[in-house]
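Asker: Have a look at this fold, sequence not included:
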């Protein structure tokens, strides 16, 4: 093994890149935002999005860390996992994505990562408590998958994960990691970041005293004003700027670019 | 949603900027100091100050992260929340500010953020303990607001929050976040930073053993020598230098500027 | 003591450097990867590798922090600890390395560091729990050495440590620190990083609720697909890129170098 | 209060600077090392050293953060606290230093800071446990001062603190902070850093299980080989290099300087 530099994107696939260009960029930003938010685990973890055409998805390739993914690195896969375009290898667990997209037409983006707080939660008997506004995003509760802690590599395993997800936003895979879904890439990304944040607050709260969660009824009252598409648009633009300030935007279009 | 760069301040409102110039700068530094201190939550959280004229306040606009606020971005609002000047949108919860200014003529600055330790404290039955000099700043105790965890968007809600604050320095909004007030921007900013610090120390202390807080009488003896305007002036100047060293001063006047 | 700059590598030992060149580079990257992962403790901690010839090892010299080690800084020692080449002083505890290489022909690399989580674990009655995929790497359990907390400086002490290690991957030296071994430098390095990560997750999990570890049978099912040489090669290349991005590659060959 | 830049050292006091030049540099590095190690608290905390002549000390001035102190900023004070040279204001608590130097001829340097772990420890009934090599440095136990949590500003208060310190290395001032002493600036600095580290490990250990400290006899056996002047010299040189890499050496002599 040499001290190899990252070369995968040196020959960008401009032809493919012009299809789904905006979505490719969103997925790449999502990867970098998640890296910034502590979701990185070597080259593991992946983000995908359903293309507007509906017949394929765009997915992070294997071999890159989350903060290294550029728009042209993304693979186009059909819903059976066949590679339509892209140079890098497919993550073993692509069925997590394809089977969820099949089962949930409302979902436009899937995140699978192993962040410390959510992974830790999945290894305990604790549940996410309604401690603050962040928690309200998950007021319908988290789904859990505990059939196996193995890698999910076969379509029927992916389908079992999708079934465990049901109609929720988030699935915790016990002994393994996290699935966060969203109607759009920004929603899935934001929910993944916010879940880690709320669990960190829950850990701190337990270090300070006994928990006083809000009632489910209160969470229902908080939700509509707090979680809106127009708020999310502002958060997303901010997160992209934050990635740039953190120096994690190498290989991404610059603000003045044609493609930006 | 595009990977939009921050453009809000590109056309600075120099005309407005020349009114309240020093105070605008203080509020912008306060936002950046709070970001550096871990108070950021996407584009949420806001700082305001009462103008010397008494007839309006200056407040962070919506859509920017705390570390992105420049003096010319600030909105001038009257005490009913009408925008007198400024290009950006008003935060939904501006009534937190306006109603507190109406109820408390002694207050010159209001901070509302969702930092992890104070937010966590508000979700527990714990109280701030008098563990060290930092805690002494809050020796009169924290006020709590638990009427609702909803966003505070109507004047009567803001008035209820102001009533819960009473004559204290800090209000914890259960399930939501923090209000910190001060006679000046530096005092409110410093108190907000120090509250997170003391709660972090409280969390560590509980991880080490049983707490041995000082007595209220001791806190009263510590306070006068510890908390003085001349100390605060030094801390503030230091915090501004620290923001510069952290690379978070883009868009702020440089040390040699006319306006600095 | 002056504010001395690091000068040890100013006169590189090119002659020695050309022997074991690739392995020297791996050991130097390993040191920097471990520094990035929180294993640093002033100039303490060391990494070694067995040379392909089998008659000597390459080992970090004393006097440098982990993030400062360059390929030409490494000492070549025979298995009795005699220095064959290299300018810097030998770490007192070199026998930890030499005695393990003698006892375990399958081992190609040894890491000894004092990272916070593993050091803390060794000071408790806790064991590593099978909480997630990271933990599965250690499914055979950790070995412990508790004959003494003293520095291990004599060959018979090193032999006792090697005996306590037995056929395991990791040994926790109670009151002292950590030994992690691997067939290759990347495996030992990765295991050392991953151990800290899994213990951090264990600490977080305990802060959230009661632990639900997977069964040993499940860990045996997870292992083969999760821990493979080809995965490791990707992680290693990523870690080297991460060190470069973190600005910790000064003195290392650049991607375009002849030696890279 | 303006967003004032740090200007205190702009007119360096070269005349004074040439006396005690090496010691001035050590104290300034110490301040920056402590800042890097998390001892900063706005402009609070101070380091001093006894001059070789024995008739004065060099001490950090008030108004600067620890990472901002340059050699020429240091004040020369006699043992009654009269300023012999230096432009900045004297810290209120200078008597902590002067009274300890009077009581302990063996001490060449005094650090007073408010770091989170030691401050937290002082607010509990816990004691430092002999969990690892770091803890062995403090095997004789910590002294405690609990007469008052007030600022220590009068000579008789300083003398009471010195009496509470007795012949120990470290004193925890309950409700306030930390005093660490050493024969030299590097020893006091290193001990202050190491104390925070060992308490962090103690906190982590308690999060993992029940503590298994080593025996006092074992600590006595570990100490002589672990804590030696020649080791310390290496750690100190490393810490200075680490400050440079962290970008915290502005205003300090560069490696090639005449004064370095």
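Answerer: Cool, the structure landed. Everything numeric in this text was worked out from a predicted model, so none of it was measured.
Asker: Which single residue of the stretch 51-200 of chain A ends up nearest chain B?
Answerer: For the stretch 51-200 of chain A, the residue closest to chain B is residue A:131, as judged by C-beta to the nearest C-beta, at 3.7 Å. C-beta here means a position set from N, CA and C on the backbone, and glycine is covered the same way.
Asker: hey, where'd the strands end up in chain A?
Answerer: Taking DSSP state E as the criterion, chain A carries its strands at A:46-50, A:57-59, A:75-77, A:83-85, A:109-113, A:143-145, A:170-173, A:177-182.
Asker: do the longest helix seen in chain A and chain D meet?
Answerer: Looking only at chain A and at elements set by DSSP state H, the helix with the highest residue count is helix A:185-208. No. No part of helix A:185-208 sits close enough to chain D to count as contact by C-beta under 8 Å from any C-beta of the partner chain; the gap is at least 9.2 Å.
Asker: mean confidence for that helix?
Answerer: Model confidence over helix A:185-208 averages 98 on the pLDDT scale.
Asker: follow-up on the earlier one: residues near the residue of the stretch 51-200 of chain A closest to chain B, how many?
Answerer: 27 (other C-beta atoms under 10 Å in any protein chain shown).
Asker: One more: the one 5 residues further on?
Answerer: Residues lying near residue A:136 (other C-beta under 10 Å) number 24.
Asker: Check the gap between it and residue D:254 for me.
Answerer: 53 Å (C-beta to C-beta, to the nearest Å).
Asker: For stretch A:73-88, buried residues please.
Answerer: Within stretch A:73-88, the residues that count as buried by 16 or more other C-beta atoms under 10 Å in any protein chain shown are A:73-77, A:81, A:83, A:85-88.
Asker: Can you tell me which of these is closest to chain D?
Answerer: Distance from chain D was checked for each of these by C-beta to the nearest C-beta. The minimum falls on residue A:73, at 31.4 Å.
Asker: Verify the contact between that closest one and residue A:27 for me.
Answerer: No. Using C-beta atoms under 8 Å, residue A:73 makes no contact with residue A:27, being 9.5 Å away.
Asker: ok, residue A:147 touching residue A:159?
Answerer: No. Counting by C-beta under 8 Å, residue A:159 is not a contact partner of residue A:147; they are 11.2 Å apart.
Asker: Compare these two (neighbour count), which wins?
Answerer: Neighbour comparison, residue A:147 and residue A:159: the larger count goes to residue A:159, with 17 against 13 (by other C-beta under 10 Å).
Asker: what's near enough to touch the more buried one?
Answerer: Taking C-beta atoms under 8 Å, 6 or more residues apart in numbering or on different chains, we find residue A:159 in contact with A:95, A:99, A:102-103.
Asker: These into JSON lines, with extra columns for distance to chain D, neighbour count and pLDDT?
Answerer: Supplementary listing: the contacts of residue A:159 in JSON lines, determined by distance: C-beta to the nearest C-beta, whole Å; neighbours: other C-beta atoms under 10 Å in any protein chain shown; pLDDT from 0 to 100:
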{"residue": "A:95", "distance to chain D": "36", "neighbour count": "24", "pLDDT": "98"}
{"residue": "A:99", "distance to chain D": "37", "neighbour count": "25", "pLDDT": "98"}
{"residue": "A:102", "distance to chain D": "42", "neighbour count": "16", "pLDDT": "98"}
{"residue": "A:103", "distance to chain D": "39", "neighbour count": "16", "pLDDT": "98"}
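Asker: quick revisit: so what sits against both of residue A:73 and residue A:27?
Answerer: Each of residue A:60 lies in contact with both residue A:73 and residue A:27 under the rule C-beta under 8 Å, 6+ apart.
Asker: For chain A, which residue gets nearest to chain B?
Answerer: Residue of chain A nearest chain B, by C-beta to the nearest C-beta: residue A:209 (3.0 Å).
Asker: ok, and for stretch A:166-175, which residues are buried?
Answerer: For stretch A:166-175, the neighbour count (16+ other C-beta under 10 Å) marks A:168-175 as buried.
Asker: And the contacts of that stretch?
Answerer: The list of residues contacting stretch A:166-175 from outside it, by C-beta under 8 Å, 6+ apart, reads A:104, A:118, A:121-123, A:137-138, A:140-146, A:149, A:152, A:161, A:164-165, A:178-182, A:191, A:195, C:130-133, C:212, C:214, C:218, C:222.
Asker: pLDDT of that stretch, averaged?
Answerer: With pLDDT averaged residue by residue, stretch A:166-175 scores 98.
Asker: That stretch: end-to-end distance?
Answerer: Start to finish, the residues bounding stretch A:166-175 are 20 Å apart (C-alpha to C-alpha, to the nearest Å).
Asker: thinking again about what came up before, of all the buried residues of stretch A:73-88, which two lie farthest apart?
Answerer: Between all members of the buried residues of stretch A:73-88, the longest pairwise span (C-beta to C-beta) is found for A:73 and A:81 and amounts to 17.6 Å.
Asker: related to what we said a few turns ago, strand A:177-182 and the longest helix of chain A, what's the angle between them?
Answerer: 130 degrees (axes from the mean of the first three to the mean of the last three C-alpha atoms, to 10 degrees).
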